[in-house]
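Starting from these lines, generate the structure:
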Amino acid sequence: MARRREDRNNLVVPVRIWGLDANGKAFTQTARTLDITRLGARLADVTCAVSCGDIIGVQHGHEKARFRVAWVGERGSSRAGQIGVHCVEPTKFIWGVPLPKAAAPQPDSLQRQLVEGGSGRRTHTRYACAGGAEIRTAGSANANWATTSDISFTGCYLETICPLPVGTRVELLLQVEGYEVRTPGTVRTSHPSVGMGVAFMAMSGEDRARLEQLILALRAKAAEKSPAPVAAASAPTNVSALAQRLQAAATDLKEVEGLLQSGDPAIDGRVLRDFRTAVDHARQIAWIVQQWLQLAAQHRQPGELLTQLEEEQVRFGVQVGNELATALNDASITGATRGVSDLQHAVEQLEKQLAEVAGRQTGPPLAEVAAVSH
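Numbers count the residues shown, from 1 in each chain. I've put the predicted structure just below:
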């Protein structure tokens, strides 16, 4: 029998796993570990139908990473309901307990091992990061949102329950660690219900400079971290932990939205629409809070985030107003609906204040100006 590359450590903890099953349907379920290594784990109580080579998401506490299914226990055997998984993000360690130092590869070797989907060895180091991405495809006016989990000079990985097919051309607006980078890209790897790897295409000199600044900041942050042991789960809450929790919560909301849209069980379209609107707003606000925490930790002024917050308030107000107008036209909201009179009063006040704002912005009417000049 071949010698195992890493010693296994007995650890039984609950985990959440998600992805696409053998029938192409999205799944999410709870399971537990039986033992772990630095780069892998043996999971039990797995009821979803997965196959060797599938990429799934695994979350323990607030930490998560992508894993490839290495083996699946046969039905009727002692390993039924068990799977072996190997992390495709070797720079991540989600278990929250220290391992023997001998089991921890050095950072450089970790980065050299970071190969996804058999696409070959990377030429640029990828760094773990916390942020979001707005994704637009050619000919589409709508934007989708994803979480940015790692980035390099040549590409990034975006966590999303609805990844695009390999070869899709996209326009990205990356908002990571207080930096904003716009770039075209092409989807190189796609893992159903988990995420996708995107290679950057030609970007402007200004955006390339911002990307370089971001990579330098991430490199400095990575250098400050001790490779082992991993901090215990009971460590005091800090800015980084809060930002990670916000990111995890936003991603979970998006995953739930995707599961609800799968149509099983069937849910009224109006409910799904309102849920999608609320999720999009919550993710936007969570991202702003996340960036605020990071800027504050860097002793940088977060003033521009206030502008983004105001723009999000306006965007959300327009969207809710349009949906309310649709509901009124469809007569799904009537005069008998509780709170309609309060809504009418709020709209009247809003209309009055908007008129005042517009007046301050554009100045007095031309008739008043002419009267004063005479």
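
Which strands border the strand ranked longest in the chain, and is each parallel or antiparallel?
Longest strand in the chain by number of residues (criterion: DSSP state E): strand 179-191. The strands that strand 179-191 pairs with in its sheet are strand 169-176 (antiparallel), strand 195-200 (antiparallel) (by DSSP bridges).

Deepest-packed of these, please.
Mean neighbour count, computed with mean count of other Cβ atoms under 10 Å, is highest for strand 195-200 among those, reaching a mean of 23. All C-beta spots, glycine's among them, are computed from the backbone N, C-alpha and C.

Report the mean per-residue pLDDT for the helix or strand just after that one.
For strand 195-200, the succeeding helix or strand toward the C-terminus, using DSSP states H and E, is helix 205-224. Taken as a whole, helix 205-224 has an average pLDDT of 85.

Buried residues of helix 205-224, list them for me.
Taking 16 or more other Cβ atoms under 10 Å as the neighbour-count basis, helix 205-224 is seen to contain the buried residues Asp207, Arg210, Leu211, Leu214, Ile215, Ala217, Leu218, Ala222.

quick one: it to chain centroid distance?
Averaging C-alpha positions (Cα atoms, centre = their mean, to the nearest Å) puts helix 205-224 20 Å from its chain's average.

Is it correct that Gly61 is in contact with Phe93?
No. Gly61 sits out of contact with Phe93 when judged by Cβ atoms under 8 Å, with a separation of 11.9 Å.

So for these two, which sits in the more crowded spot?
In this comparison of Gly61 against Phe93, neighbours counted by other Cβ atoms under 10 Å, the higher total goes to Phe93 at 23 against 16.

my guess is the more buried one meets Arg38, correct?
Yes. Counting by Cβ under 8 Å, Phe93 does reach Arg38; the two are 6.7 Å apart.

just for the stretch 101-250 of the chain, where's the confidence low?
Using pLDDT under 70 as the threshold, the predicted model of the stretch 101-250 of the chain has low-confidence ranges 101-124, 224-248, 250.

Tell me where the protein has strands.
Here the chain has its strands, by DSSP E, at 9-10, 14-20, 26-36, 40-44, 55-60, 63-72, 83-87, 127-137, 144-151, 155-159, 169-176, 179-191, 195-200.

Identify, out of the ones you listed, the most deeply packed stretch.
strand 155-159 (a mean of 25).

hey, what's the spatially most central residue of the chain bridged with?
Using Cα atoms, centre = their mean, the residue of the chain that lies closest to the mean C-alpha position is Thr147, 2.3 Å off. Beta-bridge partners recorded for Thr147 (DSSP bridges): Gly132, Glu159.

53 is where my numbering starts, stick with that
Noted, 53 is the first residue going forward, which turns the last one into Thr199.

From Thr241, how far off is it?
16 Å (Cβ to Cβ, to the nearest Å).

same check, this time on Ala275
As for Ala275, its distance to Thr241 is 28 Å (criterion: Cβ to Cβ).

can you check Gln227 too?
Applying Cβ to Cβ, the value for Gln227 to Thr241 is 22 Å.

Equivalent analysis for Asp382, please.
Counting by Cβ to Cβ, the gap from Asp382 to Thr241 is 43 Å.

What of Val366?
Counting by Cβ to Cβ, the gap between Val366 and Thr241 amounts to 37 Å.

so Gly237 touches Ala251, yeah?
Yes. Distance between Gly237 and Ala251: 5.9 Å, which falls inside the contact criterion (Cβ under 8 Å).

hey, what's in contact with both of those two?
Where contact means Cβ atoms under 8 Å, 6 or more residues apart in numbering, the residues bridging Gly237 and Ala251 through contact with each are Gly207.

Longest helix in the protein, by number of residues?
As assigned by DSSP state H, the longest helix anywhere in the chain is helix 321-349.

Could you give me the buried positions within that helix?
Buried residues in helix 321-349, counted by 16+ other Cβ under 10 Å: 327, 331-333, 335-347.

For Arg120, which residues are in contact?
Under the criterion of Cβ under 8 Å, 6+ apart, the contact list for Arg120 reads Gly105, Asp106, Ile107, Val137, His138, Cys139, Val140.

go with 6 Å
Arg120 makes contact with Ile107, His138, Val140 under the criterion Cβ atoms under 6 Å, 6 or more residues apart in numbering.

Just the pLDDT at the first one, thanks.
So that's Ile107. 87.
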